[in-house]
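Engineer: Fold the following.
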Amino acid sequence: MTAELHLRWFVAHTHPHAEAKATTHLNRQGFEIYFPRYLKRRRHARRIETVAAPLFPRYLFVAIDLNVQRWRSIYSTVGVSRLVCNGDDPTAVPDGIVEALKQREDPNGFIKLDSRPPFRAGDKVRVLDGAFSSCLGLFEGMAERERIAILLDLLGRKVRVVLDADLIAAA
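Structural biologist: A predicted model of the protein is given here:
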């Protein structure tokens, strides 16, 4: 007869870029893992691509019953640096946090992030790249999906320009 597990979520700190490796090895030991990821737009060599990225780089959620499971084996797991602890005891994640993250997942398992820019109308912004690189302007608002409208002062008049959100930074 097997005892029923009373699992709580804890946080494992991994080695740099070793979240997937740690997940594999923790799963082999029988631990349930939650590794939240999101789709990140990355610019490289004048191309923009969408890649899966960790929501919390170097951290995983591990479901553990401290009274039943041999949780100290996590410390010697390939890819894991340590468990987040308070003193010698692992610190449990508050109830509902992991469940709330899972509710924000799309059908492919990626976390959907709010796509609101960190600017308000009238904020000064700088264009980071492209034809208007280094130009200063004023944030006007969202134009369409992941695109932002800004007002640039060109040749003595305000011109509305729509750019990708990742091309804009606070001035």
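Engineer: which residues are contacting stretch 78-95?
Structural biologist: Contact with stretch 78-95 is made by 8-15, 18-26, 58-59, 61-62, 64, 66, 71, 74-75, as judged by C-beta atoms under 8 Å, 6 or more residues apart in numbering. For the C-beta atoms, the positions are set from N, CA and C on the backbone; glycine is no exception.
Engineer: So which of the residues you listed sit within strands?
Structural biologist: Among these, DSSP state E puts 8-14, 59, 61-62, 64 in strands.
Engineer: Name the nearest of those residues relative to Ala165.
Structural biologist: Ala165 has its nearest neighbour among those in Tyr59, at 25.7 Å by C-beta to C-beta.
Engineer: Could you check how far the closest one is from His15?
Structural biologist: Using C-beta to C-beta, to the nearest Å, Tyr59 is found at 12 Å from His15.
Engineer: picking up where we left off before, tabulate the ones in strands among the contacts of stretch 78-95 (JSON lines), appending neighbour count, pLDDT and distance to Leu39.
Structural biologist: Formatted as JSON lines, the ones in strands among the contacts of stretch 78-95 follow (neighbours: other C-beta atoms under 10 Å; pLDDT from 0 to 100; distance: C-beta to C-beta, whole Å):
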{"residue": "Arg8", "neighbour count": "17", "pLDDT": "94", "distance to Leu39": "29"}
{"residue": "Trp9", "neighbour count": "18", "pLDDT": "95", "distance to Leu39": "23"}
{"residue": "Phe10", "neighbour count": "21", "pLDDT": "95", "distance to Leu39": "26"}
{"residue": "Val11", "neighbour count": "18", "pLDDT": "95", "distance to Leu39": "23"}
{"residue": "Ala12", "neighbour count": "27", "pLDDT": "95", "distance to Leu39": "23"}
{"residue": "His13", "neighbour count": "15", "pLDDT": "95", "distance to Leu39": "24"}
{"residue": "Thr14", "neighbour count": "24", "pLDDT": "96", "distance to Leu39": "21"}
{"residue": "Tyr59", "neighbour count": "17", "pLDDT": "95", "distance to Leu39": "18"}
{"residue": "Phe61", "neighbour count": "19", "pLDDT": "96", "distance to Leu39": "19"}
{"residue": "Val62", "neighbour count": "27", "pLDDT": "96", "distance to Leu39": "24"}
{"residue": "Ile64", "neighbour count": "23", "pLDDT": "94", "distance to Leu39": "29"}
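Engineer: Farthest pair within these?
Structural biologist: The widest separation within the ones in strands among the contacts of stretch 78-95 (C-beta to C-beta) is 19.3 Å, between Arg8 and Thr14.
Engineer: The residue lying closest to Arg58 once chain neighbours are set aside bridge partners, please.
Structural biologist: In this structure, Arg58 finds its nearest non-sequential neighbour in Thr14, 5.1 Å apart by C-beta to C-beta, 6 or more residues apart in numbering. In this entry, Thr14 is beta-bridged to Val80, by DSSP bridges.
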